[in-house]
Every structure is written in C-alpha cells, then in structure tokens.
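*Asks:* the following comprises the amino acid sequence and a computationally predicted model.
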Amino acid sequence: MMFRYRLSTPPSSPFARFKKYVLVWLEVEYRDQRARLQFEGPTPLVTDARRTLSKATGYREREINVDGTLTPLDLHAAMSSAIMQPFDPKLVEGESVLMHQSPPKLTGEELTRSFATRFALWLVSALPGPVKVRSYEWEHLIEGLQGTLFEWSFWRPEYPSEKEAAIALSVPLAKALAHETARIKDVYESLPVDQRLVPPSLTPEEAQQVANVFVEALDTAAPGDDGAAALIVRLHEKLLALGLMSRKET
C-alpha cells in the first residue's frame, strides 16, 4: 500500500508558472511502519522538496531524515508543518494507513514479560511524583502508554477474567520490580519514601494486588492521549491507595 502526497510548485519557485508536481510516498501498511522515502517529479522540484522537507519535523518533533527511513506519522506531521505549506501538500493515497498500527510481533508469553518489565520501570521511575504534566517525561510516558494499550488489546483476550490476567502478570512483575529497583537503585532511593509507590520486594499477594491495579486500569482506559493521561493519574492514585509502603513501615 502507498502513503502518498502530491506537492505543487511553490509560488516563489522560478518554475511556478509551469505548475509541476512532485509525488512523495512511502510503501507501508501501518502508521508506525518505517520505510524509505521516495520521490517522483522534475529534478529541480524534487531537489527543492527534499531540501525543505529535511528542515521539517516529524511525529512528536522527531527529526526528518530524507535519506533514511521514516513512518507515515512522521511524513504526515512534516507535511502539516508551516515549512511545507508553500508546496500545498495533498494526501492523495493511503489515508487509511494512519488508522492502523503494526500488530505486535511478540508471542503472548513474550508480551507478558514485556508488560511486567514496563510496569516495573514505571513503578520505579516514571509514575512516582507524579510526573509533571506536559513535561518531556509526561509525553514519553503518554507515548509508552499508547503503545501498551494497543498491545494490551491483543494480549488481554487470552485471559477470561481480570483475576487470571493479574495472576499471569504477578510473578514476572515481582521479579522485574526487584531487578529494576536494583538496576536503578539511585533513582529509586532518591525518591522520598512518601512518593514511592511500592517497596522493592513484593509478596505473592502484594504482586497480585499491584498487577490487578494495572489490569483494571488498562481494561477501562479510553483511547487517545487524553485517555492515556487519565490512565497515568488513575494508576498513581490506585497504587498509592494500596498502601504497600506504609504497610512495610509499620
């Protein structure tokens, strides 16, 4: 499938009177799939388009490398930027590509371990605080949650109930938490005790409680950035409400 834009000759170009066009496209099926950018059109206009596009930014302000690979999300963001408007970019093919994300390549067991590692890292360094809204850390966490929610939609149907899903996550989550608190011990120990969401080690019962918070929150999360933002707040509140740190201190 093609994700294709048509660019017109800019009014300031010496070739403007000829009304020539350049086609710019990626051969992709999914919005996050990387491919090499391709151009077709008069050489002077292609050169101008490549040079200008290299100055634009892609999805979430990523740098555009016109000689490398990029995603439809990157190309769409770049074409929507002010710097490309003199070319009057028109999406002429592949609008549906923006609606579809690449399916996970991991097996169910691999996804379980991946979620456990991700959640443990969030517990140790990303969720405590909570993160300052609209900061770089916040945007990074939002993007991570979006990806997690998508993978979750493939993994979750394997378990008929929340309890079964939490049980599947609890053991690898406890192991991952112990590993992450040791790996980034300075980050964990630099947090005031009242900002730590969980202790570095969990009993099987506590691990299942923490896993259940994630299962319940992800099961009910709304799509989009706003849904992910609300999910951050809900996770923080529910994990604090478990009171695992205060239990360890008594």
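*Replies:* Alright, I've got the coordinates.
*Asks:* which ones are touching residue 240?
*Replies:* residue 197 (C-beta atoms under 8 Å, 6 or more residues apart in numbering). C-beta coordinates here come from the backbone N, C-alpha and C atoms, glycine included.
*Asks:* show the pLDDT at it.
*Replies:* Looking at residue 240, its pLDDT stands at 88.
*Asks:* nearest spatial neighbour of the residue nearest in space to the middle of the chain, skipping sequence neighbours?
*Replies:* The chain has residue 143 as the residue nearest its centroid, 2.9 Å off, counting by C-alpha atoms, centre = their mean. Setting aside the residues directly before and after it, residue 143 is nearest to residue 60 in space (C-beta to C-beta, 6 or more residues apart in numbering), at 6.7 Å.
*Asks:* try residue 200
*Replies:* residue 181 (3.8 Å).
*Asks:* for that neighbour, give its distance to residue 52.
*Replies:* 48 Å (C-beta to C-beta, to the nearest Å).
*Asks:* what about those two, which has more around it?
*Replies:* Ranked by neighbour count (other C-beta atoms under 10 Å), residue 181 and residue 52 place residue 181 first, with 21 against 18.
*Asks:* and the more buried one, what does it touch?
*Replies:* 124, 188, 200.
*Asks:* nearest to residue 149, of those residues?
*Replies:* residue 124 (20.7 Å; C-beta to C-beta).
*Asks:* ok, that closest one - contacts?
*Replies:* When contacts are counted by C-beta under 8 Å, 6+ apart, residue 124 touches 177, 180-181, 184, 187-188.
*Asks:* helix, strand or coil: sort out it for me.
*Replies:* helix (DSSP: H, G, I helix; E, B strand; the rest coil).
*Asks:* ok, it to residue 154 distance?
*Replies:* From residue 124 to residue 154 the distance is 26 Å (C-beta to C-beta).
*Asks:* swap in residue 58?
*Replies:* Here residue 58 is placed at a distance of 26 Å from residue 154 (C-beta to C-beta).
*Asks:* top of the contacts of residue 124 by neighbour count?
*Replies:* Of these, with other C-beta under 10 Å as the count, residue 177 tops at 26 neighbours.
*Asks:* thinking residue 64 is in contact with residue 79, fair?
*Replies:* No: checked against C-beta atoms under 8 Å, the pair residue 64 and residue 79 is beyond contact range at 10.2 Å.
*Asks:* now do the shared contacts for those two.
*Replies:* Common neighbours of residue 64 and residue 79 (C-beta under 8 Å, 6+ apart) are residue 56.
*Asks:* which helix or which strand is home to the residue nearest to residue 200?
*Replies:* Taking DSSP states H and E as the criterion, residue 181 maps to helix 162-183.
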